[in-house]
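Q: Pasting the sequence and the predicted coordinates here, then a few questions.
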Amino acid sequence: MLRANNLLVRRGQRTVLANIDIALRPGEVLGVLGPNGAGKSTLLAALCGELPANEGTVSLDERKLADWPGQERARRLAVLPQSSSLNFAFSVNEVVGMGRLPHASGRVRDAEIVAEALRAADALHLAGRSYLALSGGERQRVHLARVLAQLWPGAEGQTLLLDEPTSMLDPLHQHTILQAVRDFAGRGAAVLVILHDLNLAARYCDHLLLLQDGLPHAYGTPANVLTADALAAVYGLQVLIQQHPERGHPLIIAR
Amino acid sequence: MTAIFRPRPTLIFLGLLLILVFWLSLALGPVSLPLSDTLLAGLRLLGLPLDVGDTQQAELILGQIRLPRSLLGISVGSVLALSGVAMQGLFRNPLADPGLVGVSGGAALGAAIAIVGGSLLGGLPPAVEPYLLSVCAFAGGLIVTAVVYRFGRKNGQTDVATMLLAGVAMTAMAGAGVGLFTYLADDATLRTLTFWNLGSLNGASYPRLWPLLIVAVGVALWLPRRAAALNAMLLGESEARHLGFNIERIKLELVFCTALGVGAAVAAAGLIGFIGLVVPHLMRLLVGPDHRVLLPASLLAGASLLLLADLAARLLLAPAELPIGIVTALIGAPFFLYLLVRGRS
């Protein structure tokens, strides 16, 4: 289990993240929301060790994150960055296959996993294509497949961190991708996902963390976090909150 | 577009090509030996007790001149190409050149100091001179690369963009140093310096070959062990870290291999441009960017291309000899321009 205790991060003199206490529980999807510059990506960077915390600790299975050997950590923790700068003509299969580099599961099993992860990200039909020939949204799905493959099939003790995995996707794929992430968590993995779309967050996340200026403004179930007052305070956005007629989760409508 | 050709047949083809070019490189020259004599003399040199009449002259030319020269060509070509792959992976840019980290500039400065400094001191003993030149070139390359690497370090991490800019600056400074020594040089020294700056396999000998051969074998054995890490590096440094690789260590190893390899190559054969840039690029077009195939393919193609360039250098104006750097630049520069234009469209 990935756990952060009293995390505080400074950039120069400025405190960009503080008072963060979270534990990513097995089988749960935690959504992180907040305006631009609220510290969402900083939180993700601190949670995966990319950015050292100035105060507080991040631990993976009760062991400090920095103390894990790289390969063992990579088998338990996968991270999808906001954007990728891959500029070489790998095939889609090869890109997703890189997710298997921390493992020694053998070529046959790796090929199966690559195909399953691609299918989960609805990108199996791209398998033989060159990565450079893909559109932005297709690339994003391929990278999601890569981090899924890194932890496939997903089990208790594994953690997946996703930074805006739906930012370039069409409406249908926003849903299929987040459903795939849900299914992945359903097999026992813990997931943290940064999102901008409040309705997607309400539908697919078990808990939400709403950040404002690097501080947690609210933490809890979607119904508790997504209130008109909280969204007005954090985003300055006036909204109506209704209930989804079929699913019951909050539905946010801008006024 | 990924790989045009399947990896294994391509590697086999490149291997056969290298054997063929190696054979030609042994047979052709101011005194052309029949291909069959070359083969027989070669087998006799290997110790096979063949009784095939008089191959003594062939054996002499082969053993003392062409064999060390060809092996030197293979070592220089392969080590430059491998370093090119390492640098293009490190900088995640297919147009990176091994000289980017300052190793070529530093080696040139080291050589200039040895050549001009030696003559200003009234000439060095002939027995010491070639070795001193190699040692100075090698040391110059290593020192400048170390300084460039040091500039890139910050908070325990290596910033490759800073390193790239530091490499440009240090290369310019080394160039100024070379310019200064060129200015100080007398006519005879100037000629040595110029020839050295253009590169040549001329005067290859076993004592010059061994150090480079050892380095080349070391680099050729070490870099393929980092093929998976290099693949992951192309995704991005943080992605590679999340895949479990110790990126800071990998970067140090890549810079070290390049400094060692290019330093030794320049020390043995002078400055030979474009092999390190063009060969990895060409191989990436043929076999795709996967370093598990790209590294051996570049090794084989780099060796072949350098031997071919050397053949052209010694045959085009025979019995005179063209500096090989001119040949590789004449082949490499237009090809580079072609890649630029092609990449834009």
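A: Received it, and whenever you're ready, just let me know what you need. Residues are numbered from 1 along each chain as shown, chains lettered A, B, ... in the order given.

Q: Name all residues that make contact with the one residue in the stretch 101-250 of chain A that gets nearest to chain B.
A: Nearest to chain B, among the residues of the stretch 101-250 of chain A, is residue A:102, at 4.2 Å (Cβ to the nearest Cβ). Backbone N, C-alpha and C define where each C-beta goes, glycine included. Counting by Cβ atoms under 8 Å, 6 or more residues apart in numbering or on different chains, residue A:102 makes contact with A:70, A:71, A:74, A:75, A:150, B:243, B:244.

Q: Using neighbour counts, pick out the buried residues of stretch A:62-72.
A: Counting neighbours by 16 or more other Cβ atoms under 10 Å in any protein chain shown, one finds that the buried residues in stretch A:62-72 are A:65, A:68, A:70.

Q: so, if you compare these, which one comes nearest to chain B?
A: Of all those, chain B sits closest to residue A:70, with 4.0 Å by Cβ to the nearest Cβ.

Q: does the closest one really touch residue B:246, like I thought?
A: Yes - contact criterion Cβ atoms under 8 Å: residue A:70 and residue B:246 qualify, at 5.6 Å.

Q: Got a PyMOL select line for the buried ones in the contacts of residue A:102?
A: Buried members of the contacts of residue A:102, identified by 16+ other Cβ under 10 Å, are gathered into one PyMOL selection as follows:
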select buried, (chain A and resi 70+74+75+150) or (chain B and resi 243+244)
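
Q: How far does the helix or strand that residue B:133 is a member of sit from its chain's centre?
A: For residue B:133, the element it lies in under DSSP states H and E is helix B:129-152. The chain centroid and the centroid of helix B:129-152 are separated by 15 Å under Cα atoms, centre = their mean, to the nearest Å.

Q: What's the first helix or strand after it?
A: Taking DSSP H and E, what comes next after helix B:129-152 is strand B:153-154.

Q: can you tell me the average pLDDT over that next one?
A: Mean pLDDT, computed over strand B:153-154, is 87.

Q: re earlier: got the phi/psi numbers for the residue of the stretch 101-250 of chain A closest to chain B?
A: Backbone torsions for residue A:102, taken as degrees, to the nearest 10, come to phi -70, psi -10.

Q: Any figure for the gap between the residue nearest to it when sequence neighbours are not counted and residue A:103?
A: Leaving aside its chain neighbours, residue A:102 sits nearest to residue A:74 (3.7 Å; criterion: Cβ to Cβ, 6 or more residues apart in numbering or on different chains). Counting by Cβ to Cβ, to the nearest Å, the gap between residue A:74 and residue A:103 amounts to 9 Å.

Q: Wait, residue A:200 touches residue A:178, no?
A: Yes - under the criterion of Cβ under 8 Å, residue A:200 makes contact with residue A:178 at 6.0 Å.

Q: OK, contacts around residue A:87?
A: By Cβ under 8 Å, 6+ apart, the residues touching residue A:87 are A:132, B:92, B:93, B:94, B:234.

Q: Hmm, I typed the wrong one, I wanted residue B:237.
A: Contact analysis of residue B:237 by Cβ under 8 Å, 6+ apart lists B:160, B:247.

Q: Check for me that residue B:241 belongs to a helix.
A: Yes - counting by DSSP: H, G, I helix; E, B strand; the rest coil, residue B:241 is part of a helix.

Q: For chain A, see how far away it is.
A: 7 Å (Cβ to the nearest Cβ, to the nearest Å).

Q: Can you name the residues of the stretch 101-250 of chain A that neighbour chain B?
A: A:101, A:102, A:130, A:132, A:133, A:150 (Cβ under 8 Å from any Cβ of the partner chain).

Q: In JSON lines, list the residues you listed along with distance to residue B:180 and secondary structure.
A: Supplementary listing: these in JSON lines, determined by distance: Cβ to Cβ, whole Å; DSSP: H, G, I helix; E, B strand; the rest coil:
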{"residue": "A:101", "distance to residue B:180": "48", "secondary structure": "coil"}
{"residue": "A:102", "distance to residue B:180": "51", "secondary structure": "coil"}
{"residue": "A:130", "distance to residue B:180": "49", "secondary structure": "strand"}
{"residue": "A:132", "distance to residue B:180": "45", "secondary structure": "helix"}
{"residue": "A:133", "distance to residue B:180": "50", "secondary structure": "helix"}
{"residue": "A:150", "distance to residue B:180": "54", "secondary structure": "helix"}
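
Q: Return the member of these nearest to residue A:116.
A: residue A:150 (12.6 Å; Cβ to Cβ).

Q: That closest one is in contact with residue B:235, isn't it?
A: No - using Cβ under 8 Å, residue A:150 is not in contact with residue B:235, being 11.6 Å away.

Q: who touches both of these two?
A: Taking Cβ under 8 Å, 6+ apart as the contact rule, residue A:150 and residue B:235 both touch residue B:243.

Q: Show me where chain B dips below the pLDDT cut-off.
A: For chain B, the stretches with pLDDT under 70 are B:1-4, B:50-55, B:123-124, B:343-345.

Q: near chain A, which residues of it show up?
A: Counting by Cβ under 8 Å from any Cβ, chain B comes close to chain A at B:1-3, B:92-94, B:228, B:231-232, B:234-236, B:238-239, B:241-246, B:284, B:288-290.

Q: Separate out the buried members of the residues you listed.
A: B:2-3, B:92-94, B:228, B:231-232, B:234-236, B:238-239, B:241-245, B:284, B:288-290.

Q: Among those, name the ones in helices.
A: Mapping those onto helices (DSSP state H) picks out B:228, B:231, B:232, B:234, B:235, B:238, B:239, B:241, B:242, B:284.

Q: Make a markdown table from the residues of the stretch 101-250 of chain A next to chain B and add pLDDT and distance to residue A:5 to it.
A: Output for these, formatted as a markdown table (pLDDT from 0 to 100; distance: Cβ to Cβ, whole Å):
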| residue | pLDDT | distance to residue A:5 |
| --- | --- | --- |
| A:101 | 95 | 31 |
| A:102 | 94 | 26 |
| A:130 | 93 | 44 |
| A:132 | 93 | 42 |
| A:133 | 93 | 45 |
| A:150 | 96 | 26 |
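
Q: Mind telling me which residue of chain A is nearest chain B?
A: Closest point on chain A to chain B, by Cβ to the nearest Cβ, is residue A:74, at 3.1 Å.

Q: what helix or strand is that residue on?
A: helix A:70-76.

Q: So which elements touch that helix?
A: helix A:136-151 (3 or more Cβ pairs under 8 Å, 6 or more residues apart in numbering or on different chains; DSSP states H and E).

Q: Please state the mean pLDDT value computed over the helix or strand following the helix it packs on.
A: Next helix or strand after helix A:136-151 toward the C-terminus (DSSP H and E): strand A:159-163. For strand A:159-163, mean pLDDT rounds to 96.

Q: who does strand A:159-163 touch, helix- and strand-wise?
A: Strand A:159-163 sits against helix A:40-47, strand A:77-80, helix A:136-151, helix A:171-186, strand A:190-194, with contacts defined as 3+ Cβ pairs under 8 Å, 6+ apart.

Q: which other residues reach that strand?
A: Contacting residues not belonging to strand A:159-163 are listed as A:1-2, A:24, A:40-41, A:44, A:47-48, A:60, A:76-82, A:144, A:147-148, A:151, A:154, A:181, A:184-185, A:189-194 [Cβ under 8 Å, 6+ apart].

Q: Could you do stretch A:111-122 as well?
A: Where contact means Cβ under 8 Å, 6+ apart, the residues beyond stretch A:111-122 that reach it are A:92-93, A:96-97, A:99-100, A:105, A:124, A:126-127, A:141-142, A:144-146, A:148-149, A:152-153, A:173, A:176-177, A:180, A:183-184.
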